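Chemist: A predicted structure for the sequence below; I have some questions about it.
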2 protein chains.
Amino acid sequence: MSEKPLVLITGANGFTGRHACKHFADQGMKVVPVFRDHSSMSSRHYGIVCDLTNESAVTELIVTVQPNYVLHLAGRNAVKESWEEPMNYIKTNVVGTLHLIEGIRKGAPHCRTLVVGSALQYNPAADDSPPHPYSLSKTLQVMISKAWEELLNIDLMIAKPTNLIGPGRSNGICSIIGRKIVDIENAKCSPVIDVNNLQAERDFLDVRDAVEAYRLLLLHGGTGGSYEIGSGVSRSMQETLERYKQCSTKDFAITENKPGKIEKPIKLNLSKIKQLAWTPKIPFSTSLNDILNFYKHLYHPERKNK
Amino acid sequence: MSEKPLVLITGANGFTGRHACKHFADQGMKVVPVFRDHSSMSSRHYGIVCDLTNESAVTELIVTVQPNYVLHLAGRNAVKESWEEPMNYIKTNVVGTLHLIEGIRKGAPHCRTLVVGSALQYNPAADDSPPHPYSLSKTLQVMISKAWEELLNIDLMIAKPTNLIGPGRSNGICSIIGRKIVDIENAKCSPVIDVNNLQAERDFLDVRDAVEAYRLLLLHGGTGGSYEIGSGVSRSMQETLERYKQCSTKDFAITENKPGKIEKPIKLNLSKIKQLAWTPKIPFSTSLNDILNFYKHLYHPERKNK
């Protein structure tokens, strides 16, 4: 390929999507961002509007763009909302993915596709139940994607990222806390941060490390592979808040809502992604600082240029 | 309920659907058959046309009919065809079911629903892969149905029937052989029957026993239950053909295409359905005779009234 390889990125306006578009372009790829609707594209200068739940629109998208790679990030990802609109979660995350991979199979069969699942999938083995409709939707998304690879021979891999953090709008816990801290610094609310459980542990990974893993996977991953992606470090909410305190200009109190109940940390197997010479590079404190700076600039955009 | 309970039966023009409509009506229920399109309803006098892949049509169906029970039989079920149209299999079997159960949840929440899955489901545990898109579609259909019951509290059960046999058009192996035998009797083809493997075993159950199990499940089954339904008897192709020979007026030769490869019989757990005082009643030889008679009358309809 003498020309730049072309990568189609769905969910281009999302938290990960924005970082992926920038990173892939920085790394010399031709990026075609895909937005669900015109409002999600409004602040961007270039891209294609395509609602993945519209089958014929997706077919046209693939046939027209003829991507070398597809990074499929689009989808709904709010657990609470998934209880209110379970069918829309299945339609967007499962049927949308189905349209995409079937469009690729028929319209661009040589394309490599990375479907980004979630560490919140459940294990459908035995009589295990999904904890919420979002988890169901991500589990079915991955099952259909894997089946299309195994049965119908499309060139597809699955990434299962852990909790991604970093600058940008996100509904993740680190973003919620970061935004609150900036509110506290601006005296917009009382200096108290509520969390469910201080001992609850999570594996946090900077989104910029994650998009580099996605890039390596598209270039060098094994067809049909399923890759867990995380930092490999479990951090408690206690530690996260202590780290945030070191970055913040104001102190805050911490209250714990559900001190008894401890969430089990999800154990990740990072050996497969590490075989692609990938390793997380951004320190946890940098991620947290960048989250705070993001929200500071959101409130005071003039600071950005100082 | 002083009035007759109303049962909506989807897939009413299918092999099982036709028997279910008759049996449920014979047993004193008010049956509303649902047909996918006008052509599948053409030979019937009463029913509703509703394509389950059309979300708003399904919503209207449920809200208008307000069924007490739904027996969901509709779907595509040809393995070979599922390789050619994998997306249509997912859309019909998975998305169609999703529209139905979401319509019930929103429009008739007190309705009891029986979703009829398949013994051809695969186990998505570990890295097991579906053998074909049809299997994938039935597995996902059952996962979504169970999740809607567990997470969203609809009153739903799953039936997993084995190979159903009996009079009527079916793409099952007993029907294929029965039709061929009638062709042999009518000298329409050479007196040879090809099978893959004579030692391959299957659990055959008469469709009329199955629909009685479905009726008992709707009336007395446990919400959220998953019920395997079969005869509990494994029969080899050899035995099946010997039994057919006893019913046939002409002898035939048997050829075996894949003698080496033996299919593992699926082990059924019938204890749950037997707790509802259900037991198969129709002898195997009666099923086979009725299949032959069905095809004889199809060729010579005047015999039916003799």
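Modeler: Perfect, thanks for sending it.

Chemist: tell me where the model's unsure across the stretch 151-300 of chain A.
Modeler: For the stretch 151-300 of chain A, the stretches with pLDDT under 70 are A:261, A:263-265.

Chemist: from chain B, how far off is the residue nearest to residue A:9 when sequence neighbours are not counted?
Modeler: Closest residue to residue A:9 apart from its sequence neighbours, by CB to CB, 6 or more residues apart in numbering or on different chains: residue A:71 at 4.7 Å. In short, each C-beta sits where N, CA and C put it, glycine included. Residue A:71 sits 22 Å away from chain B when distances are taken as CB to the nearest CB, to the nearest Å.

Chemist: three-state assignment of residue A:71?
Modeler: What DSSP: H, G, I helix; E, B strand; the rest coil gives for residue A:71 is strand.

Chemist: that one against residue A:6, yeah?
Modeler: No. Proximity of residue A:71 to residue A:6 does not meet the contact threshold set by CB atoms under 8 Å, at 11.5 Å.

Chemist: neighbour count for those two, which is higher?
Modeler: Of the pair residue A:71 and residue A:6, residue A:71 is the one with more neighbours under other CB atoms under 10 Å in any protein chain shown, namely 31 against 17.

Chemist: who are the neighbours in contact with the more buried one?
Modeler: If a contact means CB atoms under 8 Å, 6 or more residues apart in numbering or on different chains, then residue A:71 has A:7-10, A:20, A:24, A:114, A:116, A:214, A:218 as its contacts.

Chemist: do you know how far residue A:154 is from chain B?
Modeler: Note on residue A:154: its distance to chain B, by CB to the nearest CB, is 11 Å.

Chemist: which strand residues bridge the residue nearest to residue A:9?
Modeler: residue A:9, residue A:114 (DSSP bridges).

Chemist: and the gap between residue A:39 and residue A:99?
Modeler: For residue A:39, the distance to residue A:99 (CB to CB, to the nearest Å) stands at 21 Å.

Chemist: near chain B, which residues of chain A show up?
Modeler: With CB under 8 Å from any CB of the partner chain as the criterion, chain A meets chain B at residues A:83, A:86-87, A:90-91, A:94-95, A:98, A:102, A:123-126, A:129-130, A:132-133, A:136, A:139-140, A:143-144, A:146-148, A:150-152.

Chemist: for residue A:39 and residue A:99, indicate the residue with more neighbours.
Modeler: Taking neighbours as other CB under 10 Å, residue A:39 and residue A:99 compare with residue A:99 leading, 24 against 10.

Chemist: check which helices and strands the host helix or strand of that one sits against.
Modeler: Residue A:99 belongs to helix A:96-107 when assigned by DSSP states H and E. Counting contacts by 3 or more CB pairs under 8 Å, 6 or more residues apart in numbering or on different chains; DSSP states H and E, helix A:96-107 packs against helix A:55-65, strand A:69-72, strand A:112-116, helix A:133-152, helix B:86-90.

Chemist: how big is the angle separating the fourth one from strand A:112-116?
Modeler: Put simply, helix A:133-152 runs at 160 degrees to strand A:112-116, going by axes from the mean of the first three to the mean of the last three CA atoms, to 10 degrees.

Chemist: and helix A:133-152, how far from the chain's centre?
Modeler: Remark: helix A:133-152 is offset 17 Å from the chain centroid, using CA atoms, centre = their mean, to the nearest Å.

Chemist: show me what contacts the one residue in the stretch 201-306 of chain A that gets nearest to chain B?
Modeler: Residue nearest to chain B within the stretch 201-306 of chain A: residue A:226 (8.5 Å; CB to the nearest CB). Going by CB under 8 Å, 6+ apart, residue A:226 touches A:142, A:146, A:157-158, A:160, A:272.

Chemist: how about 10 Å then?
Modeler: Applying CB atoms under 10 Å, 6 or more residues apart in numbering or on different chains, we find residue A:226 in contact with A:115, A:117, A:142, A:145-146, A:149, A:157-160, A:269, A:272, B:127.

Chemist: out of those residues, which comes closest to residue A:234?
Modeler: Of all the contacts of residue A:226, residue A:269 has the smallest distance to residue A:234: 13.9 Å, by CB to CB.

Chemist: go ahead and confirm residue A:110 touches residue A:6.
Modeler: No. Counting by CB atoms under 10 Å, residue A:110 does not reach residue A:6; the two are 11.9 Å apart.

Chemist: list residues touching both of the two?
Modeler: Residues touching both residue A:110 and residue A:6 (CB under 10 Å, 6+ apart) are A:66-68.

Chemist: which parts of the stretch 101-250 of chain A are helices?
Modeler: For the stretch 101-250 of chain A, the helices defined by DSSP state H, counting those that start in this stretch occupy A:133-152, A:173-185, A:207-220, A:237-247.

Chemist: residue B:28: which of those is closest?
Modeler: Between residue B:28 and those, the shortest separation by CB to CB is 37.5 Å, and it involves helix A:133-152.

Chemist: quick check: angle from that closest one to helix A:96-107?
Modeler: Going by the same axes, to 10 degrees, helix A:133-152 makes 20 degrees with helix A:96-107.

Chemist: now the contacts of residue A:71 in TSV, with neighbour count?
Modeler: TSV is the format used below for the contacts of residue A:71 (neighbours: other CB atoms under 10 Å in any protein chain shown):
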residue	neighbour count
A:7	27
A:8	28
A:9	29
A:10	28
A:20	28
A:24	23
A:114	24
A:116	27
A:214	29
A:218	23
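
Chemist: closest to residue A:245 among the residues you listed?
Modeler: residue A:20 (31.0 Å).

Chemist: grab the nearest non-local neighbour of the closest one.
Modeler: residue A:211 (4.5 Å).

Chemist: quick one: contacts for the one you found?
Modeler: Residue A:211 touches A:9, A:16-24, A:27, A:71, A:73, A:161, A:164, A:166, counting by CB under 10 Å, 6+ apart.

Chemist: change it to 8 Å
Modeler: By CB under 8 Å, 6+ apart, the neighbours of residue A:211 are A:16, A:19-20, A:23-24.
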